[in-house]
Structures are given as structure tokens and as C-alpha cells.
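Chemist: Have a look at this prediction, sequence included:
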Protein chains: 2
Amino acid sequence: MKDINRVSLLSIGDELLIGQVVNTNASWISQRMTEYGFEIGHHLSVADKQEDIIAGLSLLSQHTNIVVVTGGLGPTKDDITKLALATYFNDTLDFHEETYERLAAIMKRYGRTIQDSQREQCRLPSKATIYENNMGTAPGMYFDENDVHYFFMPGVPFVIKTLFTERFVPILKAQGLISDRVKTETILTAGIGESSLEEKITDIVETFPKGLGISYLPGKAQVRLRLTGHDIDQLIIDAFVKKIVDRLGDKVFGFGDETLASVVGRLAIEKGLQVGFAESCTGGAVSAQITAIPGASAYFKGSIISYANEIKEEVLHVSPETIEKHGAVSAECVEEMVAGALDVLDIDIAVAISGIAGPTGGSEEKPVGTVFIAVGDKHEIKSKRLVAAKSRDVNIDYFTSYALNLLRLFLVRGEEVVSRK
Amino acid sequence: MKDINRVSLLSIGDELLIGQVVNTNASWISQRMTEYGFEIGHHLSVADKQEDIIAGLSLLSQHTNIVVVTGGLGPTKDDITKLALATYFNDTLDFHEETYERLAAIMKRYGRTIQDSQREQCRLPSKATIYENNMGTAPGMYFDENDVHYFFMPGVPFVIKTLFTERFVPILKAQGLISDRVKTETILTAGIGESSLEEKITDIVETFPKGLGISYLPGKAQVRLRLTGHDIDQLIIDAFVKKIVDRLGDKVFGFGDETLASVVGRLAIEKGLQVGFAESCTGGAVSAQITAIPGASAYFKGSIISYANEIKEEVLHVSPETIEKHGAVSAECVEEMVAGALDVLDIDIAVAISGIAGPTGGSEEKPVGTVFIAVGDKHEIKSKRLVAAKSRDVNIDYFTSYALNLLRLFLVRGEEVVSRK
């Protein structure tokens, strides 16, 4: 017996099986589908082989009624996958005029003519509903066979993101597969652990009506709370979201797809403030997260990566005595780094990070994973000691989240922060 | 019919299916297994549900004779997985004295006593060979049933890396599953595309003896060449590796698990040079890759992230006229940024990056994806224009690889580079 809301993902591609590519498509699609209230049954990855693709489709369609397939389409792989589809769906490949015209138009725009291999790309299964892909040459396809809905997309992540939202969600809705009865809301928190969080809101969760549920999704120094309502009025869900947000206060940094870096950006723009960083152990990772957000130049001027003590002293003007007396990993040092960054970068708010990412360099007093983070403006500089005792890369990720969260809190709380401009 | 060398991966965990965690374990294990000459048949991820785990094991054992299972072990999930194993292998869970003693010793070290839930963790399938895990509490398990070899590991990435190398590779060898007859060598290249690469060495590849093969594994601004020999003498493989390396010259940046950042580090240490960066559009990503390598402080002093033109002018002393006349994305600007970084950071070699990551900010003359990179020392500063017309995050990744590769080439070629010290 199939569950109406059960989805499986089939990823096609040798590059996945040899470990050359990490399957981020499966995670991304699963997140979206989960938010739409679907249950994900399996992720299966198979090689670019006809028999493996057919066996995969066959297996997944036995357990779920929606199969989302990514990869295996495009100039070099098309043949194998499309022949597999023709066999599996007992179908023929027909020349698809519209796809050809679209391809020819794209080629023309680049001053090129269409080639034989591209003409071959226009032969598509006759039973498929073809959905054009504005992000590339290979189109998306949809099949509805024996009560199973199959969605095929090329494997390129940014193409999938667009096709999924613009093409496949509308089909899911049109087919009545996305139920208006399932609603989800995601609350993003930072600076509080999963179990403290659970404890803090347990009395609210206990009053949830039947059909409303909560999941705790921990990430690096962050926990997402996902509320899922089945047959629950949106107003009731909103009321519980509000109750939880009020209880958690500034542990809540945002909702849905926001990130600490995007929220910092939004707050900085709202307040008309310029930010920057003095990074030691994070080595540029904080600044890189900030600049990963399009439009960061509106509030981010720059940073000093002061990995060596000389740079702390000579560029950020940290006093050699401070480092001598307290060490470079100390409250005193990061506070002076903030003061230096405010001055050198001529910004409104600066954050400084100095810690021990590991695997070596720890001491009894300051073990690997110890970090000092300071944040401040021309009126006030505060610092905090935190610990993340993991591997080097995980520690750096934690330090980065801590730093962005302290900056966010400073932006939220700092009524006194005034732009220098 | 089973292929003796076919492996499947089963990943257990709700967190994978809801997309909260990206399955990097599957990629990592697949890379290692591929290097050992195995063919990977499937990656399958299932939820923490007994029936799904059993169905997954059953399916994979039909198609492959080695099943590597990750996840589903540890204090909170143990029960489900171990009961699934007991059912699947028709086994009982017995109290495992050695595991208990090891756990008790760990607890004692932390001044704690063992708890009931931890005692429960010591009940293990009687048919399993138990392999202790020095990185955590949940042990690894091995079953050999009906000519299928099953390996179970907890799902924590750094635990898997250790257990795989220290415990499972020795079992694979002891069971005769790793054939000495399969050998692989990986050559790492940068600065040359897959098709140019293929063309450049096609005559060498044509002379490969039967049993020696090559795969091209493209990454971001890099291509790995993997040579796999079946029943080929190591000396012959080495000779072909040498031929290819000689042909490709400095397009080859390393071998095996090296990265551009680790090679830059090795070269800088060999030459006793200090490096640093002036980053604009990469916003700290280059410095972050350099500092991700343990021990980077031996050759990396720091960087200036000059996102705003003011920082380029005021911290790096780029002349306002240069920016006015040529723009911040220009050869002239990045060359002055290098000169400024050499001076401000007091380093031997500096690299500067300024480009248009997108999605906006491009022009006809300099479209989105255009980047200028300069590298230099006190004798000489060179710059290069490159294009990577993708999405913002992919462009930044490309720019970062380009910059690290130009630094590597400067370190390799720069006989004239002399330490300032």
C-alpha cells in the first residue's frame, strides 16, 4: 500500500557513485519536499547505466507514488537515460519540434548553428510532458504512469532550483499532490542547544492541537524548529509560532531560508551601518559567508585577516604587551582587534575572532576549540569566550556561526549604535 | 550474478532524508573504495525505521557482495538499527563484555558512571565481529553472511574516516576483497580544461597496455586524472604517470589527496616564503581555504579583504586615479593591490583578486564572471584576466581556485623569488 504523500529521489550519475560529486541535490529537494509536507522514503543513486536506471525506477515506484529523478540528461549522457526511459515506460523517442526550435534560438544567439548531437537531444519520450528549461539545453520531463508521478530534471544544482520552483511545484499543485492541508513554518535559532530549546518551549508544545507537530533540526551552532500542521488553520499555526518566538526572544534569528549572514545583512541595511571583521583563526571564513550574499557591498566594507601576531600588532594596532601578557587568544586581544578594525576599516561595527581551531595549539587553560569573539562600535566593545571541541573544519564552522550571531545580537540590541557617517 | 568487486552503500538516518544533512560520508567512502579498485553499485539512504533498514539491506545484498552501512548507531538510534540487524541476520542481541568495559573506562575518565541507556548500547548482535571505535562510544560491526560482507559504522564523518582506514581496510584485505591486482594513481591538474587535457595526452593513452585505464574527473577549475591498472606492474603504471606528468608540465599541481591550498603550503614552506592575499570579490574565500590547512601559520601571515574601494585605497594604497580610470575590476587595480599587500602585510608573495561574482554588476566589456588576478613579489607583479560565467557561489569557487593556482605557479616558477627575511 502506498502512502499518497511518499516521495523518493533517484539520482543518476557515475560522478555520484565514484564520490566525485556530493549529492547536494538530494538534500535540497528533500528539504523543499519536506516543507511541502511530503515524507521522503528513499534516496537512491545509480550509475549512468540503462539497467541500473530501470531497476531504480522500478524499485522506487513500488514504494512511493512520486519519484523525482535528477541527472542523466544533457548532451553527453542523454542517450543512456532516454533509452532507459523508453524501455521503462514502453515508449518511443520522438523528435520534439519545440525543443529543437528553442535550442536553435539559443545557438543563434551565440552565433552558432545547431549540431547533430544537439538535434539528437531533441528526440524525447512521446509519453512525457516536456517542460522547457530556461537555464540550459536539456528540458524537464513529467510522466504519469500507473498512478506514479515521475519528474525528471537535469542534474545541475542551479537548474534544479529554478525548474523545481517554476515548473514542478505548479505540476504538483495542479495534480493535487501538494495538499493545502499541510502547512509548515520554520523558526531559526542560534545560541541555544537543542535540549535547552526543547525544555524552554515544552509547555507550549504540550498545548499543540492534534495535527500540529514540531521537529528540532540541529546544525552548526544553530537549531531550526519546524512546525508542521495537518488540517490546521494558518492562523492557529501563526499563533503558536508567535508564542514560541516570544518565549525564545533573540535566540530566534529568522525564518524559512534565511541565514545568519543574510539576517546580519538585512539588519545592517535597516540601520544604515557598515560592518567588518578582524579574523584570526577563522582565516576569512566569516567574511566569505558575509560576501556570499548578493548585495553585501551595501554594508560590508572589508576585513583584516590577522593570522600572524605581527598583523594584529602592525595593521590592527593591538599592543604587543596585550599579546605578551594575555596571549593572542584572549578577551583583551580580540577587544583591541575590534578597536583596530573600527579604526583601520572606518566602519560602524567590527567583530574580532581569535581562537584555537586545532588539531594542535591547545593548552590546559585554553584547549583546542576555545575561541574569543569581540563585537563593538565606537561606544562599547564586548567579548565572549566559547568552546567548540570538534575537528579543525567543524570548529571553524562553529566559530563562524558564533561570530555572525554575536554581530546579529549587537545589531538587534544596540540601540546605542549610531552610524559614523 | 554478482561481481566480486561490486560495493553498495546504505546510509541510515532521518536527517539525510529530510535534507538536513548532506551525505558526504557516501562520497568519501566511494572515493576511497573506487581508489581500491571497487565498482560502486548503489548509494541508498533510508530513514531510521526497522522495515526500511531491512528492505535496504535485502535489496543491496542482491546486487553486490559488499555492503557498507553508515549511521543508525549511537545512544539515541541504537535500538532501531540493532533490532533490524537481529531480524535481518536472524540473530540475537547479547551483552558484549568488552564493549561494556571500554565504555565504563571512558566514563570513568570523565569522572562519570555508566548509565542504563549506555549499558543497553553494549547489547550487540551475536554473529557480528565487533570492532572497537576509539573515536566514540558506538563500535563498528562486521558480518559475513551468505557470501555477502556487511560493514557497519556510526554515521559521524570523522569517526568513519578513522574506522574505515584502521579497521575496515584491514578486514577487506584479510578477506582477500582488496585485490593487490588493482592499483590506482591520481594526477591533479589545474588551469586546463577536460577536453584540452584529453587532446594533449591522447597519444600516450593510446599506448596504454590492456588493463590500464584513465578517467577524467573535472572539478572547479581543476581536473583529476585517475589511472587504474588491473594486473599491471606498479613500475609500468609509474612510467605512464611520469610520461603524462612530463607532457602536462606545470598543469600538474599534485597527486592523490593534495589540494591547491595544501600544495601552496608545501611549496611556501620549502622556499621559506610568507604569503598573503588582497581579496575583493572572493571576500575571504581564498584565505579561508589556505587557513583550512593545519599548520598554515608557518607561511600565511594574513590578508586584507578590500571589498569597498575605500579599503583598496586607504589600506592597500591603490591610487584613486587607477580605480577612476580603469575600474576596480582591472589589471591595473589588482597589480596595485598586490603591491599594497606586500607592503602592508610585510610578506614575500601576495595575490590580489578583483572581479564580478554576480548576479548583477556586469557590463558588456566586463560581464558577470570576469575576474582579474595578480600575483607578485618585490621584483615582479603579473596579472591575468579570467572568466567563469556561472552562478555567484560557483564563480567565487572558480576565482578561488584560479587564485590559488596562479600563486602555485608563481611559487613553482619564481626562481627569482627571495624571502624578504
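Modeler: Looks like it came in fine.
Chemist: For residue A:276, grab phi and psi.
Modeler: phi -170, psi 170 (degrees, to the nearest 10).
Chemist: Test my guess that it contacts residue A:299.
Modeler: No - judged on Cβ atoms under 8 Å, residue A:276 makes no contact with residue A:299 at a distance of 9.5 Å. For every residue, glycine as well, the C-beta is placed using N, CA and C.
Chemist: quick one: which of these two has more around it?
Modeler: residue A:276 (29 against 25; other Cβ atoms under 10 Å in any protein chain shown).
Chemist: Now do the contacts for that one.
Modeler: A:300, A:301, A:302, A:303, A:304, A:341, A:345, A:347, A:349, A:350, A:351 (Cβ atoms under 8 Å, 6 or more residues apart in numbering or on different chains).
Chemist: any idea which of those has the most stuff around it?
Modeler: Ranking the contacts of residue A:276 using other Cβ under 10 Å puts residue A:303 first, with 34 neighbours.
Chemist: in its sheet, what does the one helix or strand that residue maps to sit against?
Modeler: Take DSSP states H and E as the rule and residue A:303 turns out to sit in strand A:300-306. With DSSP bridges as the test, strand A:300-306 is paired with strand A:275-279 (parallel), strand B:300-306 (antiparallel).
Chemist: now for the helix or strand just after that strand, which elements pack on it?
Modeler: Next in sequence after strand A:300-306, counting helices and strands by DSSP H and E, comes helix A:309-314. Packed against helix A:309-314, as judged by 3 or more Cβ pairs under 8 Å, 6 or more residues apart in numbering or on different chains; DSSP states H and E, are the following elements: strand A:300-306, helix A:320-326, helix A:331-345, strand B:300-306.
Chemist: circling back: now render the contacts of residue A:276 as JSON lines, adding distance to residue B:258 and pLDDT.
Modeler: Converted to JSON lines, those look like this (distance: Cβ to Cβ, whole Å; pLDDT from 0 to 100):
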{"residue": "A:300", "distance to residue B:258": "32", "pLDDT": "98"}
{"residue": "A:301", "distance to residue B:258": "35", "pLDDT": "97"}
{"residue": "A:302", "distance to residue B:258": "31", "pLDDT": "98"}
{"residue": "A:303", "distance to residue B:258": "28", "pLDDT": "98"}
{"residue": "A:304", "distance to residue B:258": "29", "pLDDT": "98"}
{"residue": "A:341", "distance to residue B:258": "34", "pLDDT": "98"}
{"residue": "A:345", "distance to residue B:258": "35", "pLDDT": "98"}
{"residue": "A:347", "distance to residue B:258": "38", "pLDDT": "98"}
{"residue": "A:349", "distance to residue B:258": "39", "pLDDT": "98"}
{"residue": "A:350", "distance to residue B:258": "36", "pLDDT": "98"}
{"residue": "A:351", "distance to residue B:258": "33", "pLDDT": "98"}
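Chemist: And the residues you listed, which two are furthest apart?
Modeler: Within these, A:304 and A:349 form the most distant pair, 14.5 Å apart (Cβ to Cβ).
Chemist: What segments of the stretch 101-250 of chain A are helices?
Modeler: Assigned by DSSP state H, counting those that start in this stretch, the stretch 101-250 of chain A shows helices spanning A:116-120, A:157-163, A:169-174, A:194-206, A:234-248.
Chemist: who in the stretch 251-400 of chain A is up against chain B?
Modeler: When proximity is defined as Cβ under 8 Å from any Cβ of the partner chain, the stretch 251-400 of chain A approaches chain B at A:277, A:279, A:281-288, A:290-292, A:294, A:296-297, A:300-308, A:310-311, A:314-315, A:344-346, A:357-360, A:391-393, A:396.
Chemist: Between the helices and strands packed on helix A:309-314, which one is closest to residue A:400.
Modeler: Using Cβ to Cβ, the helices and strands packed on helix A:309-314 put strand A:300-306 closest to residue A:400, at 12.5 Å.
Chemist: just how off-centre is the helix or strand of chain A with the lowest mean pLDDT within its chain?
Modeler: Ranking every helix and strand in chain A by mean pLDDT, DSSP states H and E puts helix A:116-120 at the bottom, with a mean of 75. Distance, stretch centre to chain centre, for helix A:116-120: 36 Å (Cα atoms, centre = their mean, to the nearest Å).
Chemist: Could you count how many residues lie near residue A:331?
Modeler: 17.
Chemist: Check residue A:322 too.
Modeler: Counted with other Cβ under 10 Å, residues neighbouring residue A:322 total 18.
Chemist: buried subset of the residues of the stretch 251-400 of chain A next to chain B?
Modeler: Listed as buried from these are A:277, A:279, A:281-288, A:290-292, A:296, A:300-308, A:310-311, A:314-315, A:344-346, A:357-358, A:391-392, A:396; burial here means 16 or more other Cβ atoms under 10 Å in any protein chain shown.
Chemist: picking that back up, redo the helices of the stretch 101-250 of chain A as CSV? Include mean neighbour count.
Modeler: Shown next, in CSV, are the helices of the stretch 101-250 of chain A (neighbours: other Cβ atoms under 10 Å in any protein chain shown):
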stretch, mean neighbour count
helix A:116-120, 13
helix A:157-163, 19
helix A:169-174, 15
helix A:194-206, 13
helix A:234-248, 14
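Chemist: between those helices, which gets nearest to residue A:98?
Modeler: Comparing those by Cβ to Cβ, helix A:116-120 comes nearest, at 13.8 Å.
Chemist: Please export the C-alpha coordinates of the closest one as CSV.
Modeler: In CSV, the C-alpha atoms belonging to helix A:116-120 read as follows (Å, rounded to 0.1, in the frame of the first residue of the first chain):
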residue,chain,number,x,y,z
ASP,A,116,23.9,16.7,-35.0
SER,A,117,24.4,15.8,-31.3
GLN,A,118,22.1,18.6,-30.3
ARG,A,119,19.5,17.5,-32.8
GLU,A,120,19.6,14.1,-31.2
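Chemist: could you say what helices and strands it packs with?
Modeler: helix A:97-109.
Chemist: Just the buried residues of the helix it packs on, please?
Modeler: For helix A:97-109, using 16+ other Cβ under 10 Å, the buried residues are A:99, A:100, A:102, A:103, A:104.
Chemist: Chain B: which of these is nearest?
Modeler: residue A:103 (19.0 Å; Cβ to the nearest Cβ).
Chemist: Can you list the low-confidence ranges for chain A?
Modeler: Applying pLDDT under 70 to chain A flags the ranges A:1-4, A:75-78, A:415-421.
Chemist: do that again at 80, thanks
Modeler: Low-confidence segments of chain A (pLDDT under 80): A:1-5, A:74-79, A:106-107, A:109-118, A:120, A:133-137, A:179-182, A:389-390, A:414-421.
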